[in-house]
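[1] just coords:
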């Protein structure tokens, strides 16, 4: 139905069918417009939704028509949003479920409990695995510089006399 | 001041929450009348009555939207 402007009352009024616009979409659009204007909804005997928008400040006819148009656009936007949300609901649930499941596993493997063994005396300078030992100190200054060469000699593949 | 809110659009919970939120601004009574909630508002001192009525309806609608 075409919106009817009542400039004297500073309002615009029209009705819509709930088969085209589900109630969730009507609520969504109304919520968006609550800060811009006064929104009043009613239901007719034949289950149509009556929308009344009243300006918080005095609006002229063009402004009221524009307000109704913007509300109708928002309604369509909300309808689309609702449909997409319904269609992708299961996929979103699956993704969240999987993410939570993975996060639970990660906590088990590398939980805060693993760091308890270090105790309070642990220092960032401690090096129990010898990672910070210089190469020369570990393998010698000249011969140990090429680890591949070192490995091939161990296996007896070396062709050098 | 009287306001009629359709029960299928404005659920009871939303109307009750709105009445609680506006209790400092007006004396409010809500009663059931067929398919409608009939809300009676007696505004407090220095409270603009017309604005109160519209703000009440807006608040109830936003509550209904949030609770859906």
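    Sure, I can see it. Values in this document were obtained by computation on a predicted structure and should not be read as measured data.

[2] What about residue B:51, how many residues nearby?
    12 (other CB atoms under 10 Å in any protein chain shown). Heads up, the C-betas are built off the backbone N, CA and C, glycines and all.

[3] Secondary structure class of it, three-state.
    helix (DSSP: H, G, I helix; E, B strand; the rest coil).

[4] Chain A versus that one, what's the distance?
    Distance, residue B:51 to chain A, using CB to the nearest CB, to the nearest Å: 9 Å.

[5] Relative to residue B:43, how far out is that residue?
    9 Å (CB to CB, to the nearest Å).

[6] helices or strands next to the host helix or strand of residue A:64 in the packing?
    Assessed by DSSP states H and E, residue A:64 sits inside helix A:61-87. When contacts are defined as 3 or more CB pairs under 8 Å, 6 or more residues apart in numbering or on different chains; DSSP states H and E, helix A:61-87 packs onto strand A:4-6, strand A:11-17, helix A:23-33, strand A:48-55.

[7] Including mean pLDDT, could these go into a markdown table?
    Shown next, in a markdown table, are the helices and strands packed on helix A:61-87 (pLDDT from 0 to 100):
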| stretch | mean pLDDT |
| --- | --- |
| strand A:4-6 | 91 |
| strand A:11-17 | 94 |
| helix A:23-33 | 94 |
| strand A:48-55 | 95 |
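
[8] My guess is residue A:55 contacts residue A:6. True?
    No - at 11.1 Å, residue A:55 does not count as touching residue A:6 under the criterion of CB atoms under 8 Å.

[9] neighbour count winner among these two?
    A direct count of neighbours by other CB under 10 Å for residue A:55 and residue A:6 places residue A:55 higher, at 18 against 13.

[10] Return the residues in contact with that one.
    For residue A:55, the contact set (CB atoms under 8 Å, 6 or more residues apart in numbering or on different chains) comprises A:10, A:11, A:37, A:38, A:63, A:64, A:67.
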